[in-house]
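> Below is the sequence, then the predicted model.
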Amino acid sequence: MATPVTERPDALPYLGYGLGLRVEHYETLLAQPAGIEWLEIVSENYMVHGGLPLVWLDRFRERYPLVMHGVSLSIGSTDPLDDDYLARLAALAERVQPAWVSDHLCWTGVQGVNLHDLMPLPYTEEALDHVAARVQQVQDRLKRRILLENVSSYVSFADSQLSEWEFLAEVAERADCLILLDINNVHVSAMNHGFSALDYLRGIPVPRVQQFHLAGYEQGAQLIIDTHDAPVSNAVWDLYTEAVRRFGRVSTMIERDDDFPPLSELVLELQHARALAEPLLRDAA
Amino acid sequence: MTSLQALQQQMLQAVLTGNAPIPAIVRDDGIADARSRLAIYRHGYRVRLRDALKAEFAGLRSMAGQRFDTMLDKYIGAHPSEHYNIRWYGAGLAAFLGYAHPWRDQPQLADMARLDWAISVAFDAADETSANMAELSAVPPDAWPALRFSLQQNLHVLDCRCNIDAFRRAADHDRPRPRLRRFGQARQILVWRKDTTVHYRRLDEDEWHVLGAAMRGESFAELCAGLAGHHGETVAMQRMAVMLQGWLAAGLVRGWTLG
């Protein structure tokens, strides 16, 4: 692995260790339990006119640094970018003043139909041109650089000319955007498509990585399903360790979207992330 | 090479249509075949939409019982999602139940879906301020006849032909579902939000008469005249005072215009 690089080319802050904000943990999180340094909100959950969701959002804004993570930008779709969506996203960013805004390197629908899923792209020159141009449009609209996250995938396309990591790195380079590296998704896709997760990490440019995601998955009969309903697996912890060695100090969070345990269990998982990362970061300093 | 647009269209059809042929664009390998790989997306699409509907239609779930899942699957099959936010997917369910066999023959199901959806819409509707009794009491007596109320924009009045509110209440409080009671003529249910809490209640006939007139922008004098037709003048004024106090306490009144 390469020498860790902790200097990033922009002014985005390092936030430490955080969690995805979910309704199931609202009450407990309000008390600001120790060990949770920041929260990631799902943007669409708060792109509403008013009512309770925004009341809760304001409470958390007062207590934690927040980042916004969207699931519906559909940056890779061949449908036009949705102006209404972008306007609401920009308005939410204005209200939240997040440390950063992210979404996924994928498409979620086409021909006006939304699949509400993170559909993978073919890794082609055509897709590269298309996505990079749209990322630039979004960044111009939001007046900030965005982070794009690698998705878990279950299909790949015969037309792909690049590896997934080459594609992600090239999009980031051409569009001058940043990367949210989901360590679990790297593992899931590596197992599902038979590539090396370490090759993936080695192919991602260090200065572009601004955030890590960690999560759990379900082992299916043939494929691994990215369910976010289980603790982080040992294989993903191992890969996280390699990622820390390569990328250095990167804001890290755990996503849990189902079968919610008490918050204290997630805090213990975050503590485990610290215990793995901090000695490596101290040694590298 | 397949264009990006063509690839996405093929994938869309493969996910939406359970028995669509497997597009040749999907790579087959020794780990899993293309059919198994696509099945994950097909399954995930339906599960996500079903879960989104279950979260919004508590009353319908209670009323439909074992038929609920079939009902949702038919809706999902007939209506691809068009909004970027899955939260809005249920917007067409009540209309679907109003025309689709066999549910259109049981209009209480569409009514129930309409109430569930009105509650859902009110939940995150725009915040509004409401007027109070002290402010209304400050209106000079000679200005009252021409006074016109502005009511909350998140307020909805729904027609119902049976006790759908009882089904929703049972679902909200995790109680056994009630017996279905059909009404001789349609009644009305008021749905609104005060602060962050959504409320719903059935309207008495005279209150609906007055509230409906207020929503149409009729003056206070016209509201009183209408109510007098129900009760006679003396009782009408007492009834009006009680109703107004209730509306103000419930936060239904945004304000008013004079003259």
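Everything's here; your move.
> residue ranges with poor pLDDT in the stretch 151-285 of chain A?
Counting by pLDDT under 70, the stretch 151-285 of chain A contains no low-confidence segment.
> So which residues on it come close to chain B?
Taking CB under 8 Å from any CB of the partner chain as the contact definition, the stretch 151-285 of chain A meets chain B at A:154-160, A:192-194, A:220, A:222-223, A:225. (C-beta placed from N, C-alpha, C; glycine too.)
> show me where chain A has helices.
A:26-30, A:52-63, A:83-96, A:125-142, A:164-175, A:183-193, A:197-203, A:234-247, A:263-284 (DSSP state H).
> deepest of these, which one?
helix A:183-193 (a mean of 24; mean count of other CB atoms under 10 Å in any protein chain shown).
> What is it packed up against?
Other helices and strands packing on helix A:183-193, by 3 or more CB pairs under 8 Å, 6 or more residues apart in numbering or on different chains; DSSP states H and E, are helix A:197-203, strand A:209-214, strand A:224-225, helix A:234-247.
> Any quick ChimeraX command for the buried ones out of the residues of the stretch 151-285 of chain A next to chain B?
Buried subset of those, written as a ChimeraX selection, criterion 16 or more other CB atoms under 10 Å in any protein chain shown:
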select /A:154,155,156,157,159,160,192,193,223,225
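> Pull the most distant pair out of the residues of the stretch 151-285 of chain A next to chain B.
By the measure CB to CB, A:Asp159 and A:Gly220 form the most distant pair in those, at 25.7 Å.
> For A:Glu44, find the nearest of the helices of chain A.
Here helix A:83-96 is closest among those (CB to CB), at 8.8 Å.
> The closest one vs helix A:125-142, what angle?
With axes from the mean of the first three to the mean of the last three CA atoms, to 10 degrees defining the directions, helix A:83-96 sits at 50 degrees from helix A:125-142.
> so what does helix A:83-96 touch, helix or strand wise?
If you count contacts as 3+ CB pairs under 8 Å, 6+ apart, helix A:83-96 packs onto helix A:52-63, strand A:66-69, helix A:125-142.
> re the thing from before, reformat the helices of chain A into CSV and put distance to B:Thr197 next to each item.
Shown next, in CSV, are these (distance: least, CB to CB, whole Å):
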stretch, distance to B:Thr197
helix A:26-30, 16
helix A:52-63, 8
helix A:83-96, 22
helix A:125-142, 34
helix A:164-175, 44
helix A:183-193, 38
helix A:197-203, 48
helix A:234-247, 41
helix A:263-284, 25
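> just so I know, which of the ones you listed lies nearest A:Val110?
Here helix A:125-142 is closest among these (CB to CB), at 12.3 Å.
> Which strands or helices does the closest one pack on?
If contacts are counted by 3+ CB pairs under 8 Å, 6+ apart, helix A:125-142 sits against helix A:83-96, helix A:164-175, helix B:4-16.
> angle of that helix against helix B:4-16?
Using the same axes, to 10 degrees: helix A:125-142 against helix B:4-16 is 90 degrees.
> just how off-centre is helix A:125-142 within its chain?
18 Å (CA atoms, centre = their mean, to the nearest Å).
> Out of the helices and strands packed on helix A:183-193, the one nearest A:Asn45 is which?
Among the helices and strands packed on helix A:183-193, strand A:209-214 comes nearest to A:Asn45, with 17.1 Å by CB to CB.
> what does stretch A:159-173 contact?
A:105, A:121-125, A:127-128, A:131-132, A:135, A:148, A:150, A:153, A:177-179, A:189, A:195, A:199-201, A:203-205, A:208, B:1-2, B:7, B:25, B:27 (CB atoms under 8 Å, 6 or more residues apart in numbering or on different chains).
> ok, now with 7 Å
The contact list for stretch A:159-173 (CB atoms under 7 Å, 6 or more residues apart in numbering or on different chains) reads A:105, A:122-125, A:128, A:131-132, A:135, A:148, A:150, A:178-179, A:189, A:195, A:200, A:203-205, A:208, B:1-2, B:25.
> again with stretch A:207-219
If you take CB under 7 Å, 6+ apart as the criterion, stretch A:207-219 is touched by A:5, A:8-9, A:12, A:100, A:102, A:147, A:149, A:172, A:178-184, A:188, A:224-233, A:236, A:240, A:243, A:247, A:250-255, A:273.
> Give me the contact list for stretch B:98-116.
Applying CB under 7 Å, 6+ apart, the contact partners of stretch B:98-116 are B:56-60, B:63-64, B:71, B:74, B:93-94, B:97, B:158, B:160-162, B:164-165, B:167-168, B:180, B:189, B:200.
> For PyMOL, write a command that selects the buried ones of those residues.
Here is the PyMOL command that selects only those of the contacts of stretch B:98-116 that count as buried (16+ other CB under 10 Å):
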select buried, chain B and resi 56+57+58+59+60+63+64+71+93+94+97+158+160+162+164+165+167+168+189+200
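> related to what we said a few turns ago, tabulate the helices and strands packed on helix A:125-142 (JSON lines), appending distance to A:Phe212.
Below are these laid out as JSON lines (distance: least, CB to CB, whole Å):
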{"stretch": "helix A:83-96", "distance to A:Phe212": "21"}
{"stretch": "helix A:164-175", "distance to A:Phe212": "14"}
{"stretch": "helix B:4-16", "distance to A:Phe212": "29"}
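> Out of the residues of the stretch 151-285 of chain A next to chain B, list just those in strands.
Residues of these located in strands (DSSP state E): A:Ile225.
> Looking at the residues of the stretch 151-285 of chain A next to chain B, which one is closest to A:Gly35?
Distance to A:Gly35, by CB to CB, is smallest for A:Ile225 among these, at 28.6 Å.
> Spell out which residues of the stretch 151-259 of chain B are next to chain A.
Residues of the stretch 151-259 of chain B lying close to chain A by CB under 7 Å from any CB of the partner chain are B:Arg193, B:Thr196.
> switch the cut-off to 6 Å
Residues of the stretch 151-259 of chain B found near chain A (CB under 6 Å from any CB of the partner chain) are B:Thr196.
> Strands of the stretch 151-259 of chain B, residue ranges please.
B:156-162, B:182-194, B:197-203, B:253-257 (DSSP state E, counting those that start in this stretch).
> relative to strand B:197-203, how tilted is the longest one?
Same thing as strand B:182-194. Using the same axes, to 10 degrees: strand B:182-194 against strand B:197-203 is 150 degrees.
> and strand B:182-194, how far from the chain's centre?
For strand B:182-194, the distance to the chain centre is 12 Å (CA atoms, centre = their mean).
> now do stretch A:13-23
Distance, centroid of stretch A:13-23 to centroid of chain: 11 Å (CA atoms, centre = their mean).
> buried ones in it?
Going by 16+ other CB under 10 Å, stretch A:13-23 has these buried residues: A:Leu15, A:Gly16, A:Tyr17, A:Gly18, A:Leu19, A:Gly20, A:Leu21, A:Arg22.
> Now the nearest residue to A:Ser43 once chain neighbours are set aside. Its backbone dihedrals?
Closest residue in space to A:Ser43, ignoring its immediate chain neighbours: A:Gly70 at 4.1 Å, by CB to CB, 6 or more residues apart in numbering or on different chains. The phi and psi values for A:Gly70, taken as degrees, to the nearest 10, are phi -100, psi 160.
> now swap in B:Ala131 and tell me
phi -90, psi 160.
> Can you check the pLDDT for the closest residue to A:Ser156 other than its chain neighbours?
Distance criterion CB to CB, 6+ apart; nearest residue to A:Ser156, sequence neighbours excluded, is B:Arg27 at 4.7 Å. Model confidence at B:Arg27, given as pLDDT, is 91.
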